[in-house]
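Engineer: fold the following.
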Amino acid sequence: MNGLGEIGTVKVFTTVDRGFTPEEIAERALDKIIYVGERSHPLLLEQAKAFREQIRTVLVHYLAEAQQNERITLAAKLRAAGHHNTADILGEL
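Structural biologist: Here you go, the predicted model:
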């Protein structure tokens, strides 16, 4: 028995010489959180797009906060291990 099936689409995201920004991560998350087809009623579509933008703002804010807190934690661990110069570099980012 031969079968052919499709289980979805795979998207690959990459960066060069850096990690993802909070904005990039928020956009990927929004694709999973909110979806409204373009064929939806125009009022629903308008509301969904406005809601998506509100959620984007919240996500970007808290992702940036998480990123900053991770740096603070890493800098503290580096200082505790005696790597003050490396910790200072993290503080400059």
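Engineer: correct me if wrong: residue 60 contacts residue 22.
Structural biologist: Yes - here residue 60 reaches residue 22: they are 4.9 Å apart, a contact under Cβ atoms under 8 Å. All C-beta spots, glycine's among them, are computed from the backbone N, C-alpha and C.
Engineer: and the end-to-end length of stretch 7-18?
Structural biologist: This stretch, stretch 7-18, spans 31 Å end to end (Cα to Cα, to the nearest Å).
Engineer: show me what that stretch is in contact with.
Structural biologist: Stretch 7-18 is contacted by residues 20, 24, 28 when judged by Cβ atoms under 8 Å, 6 or more residues apart in numbering.
Engineer: ditto for stretch 51-61
Structural biologist: So stretch 51-61 is in contact with 22, 23, 25, 26, 27, 29, 30, 33, 34, going by Cβ under 8 Å, 6+ apart.
Engineer: going toward the C-terminus from the lengthiest helix in the chain, what's the next helix or strand?
Structural biologist: Ordering each helix of the chain by length in residues (DSSP state H) puts helix 42-80 first. Sequence-wise, the next helix or strand downstream of helix 42-80 (DSSP states H and E) is helix 84-92.
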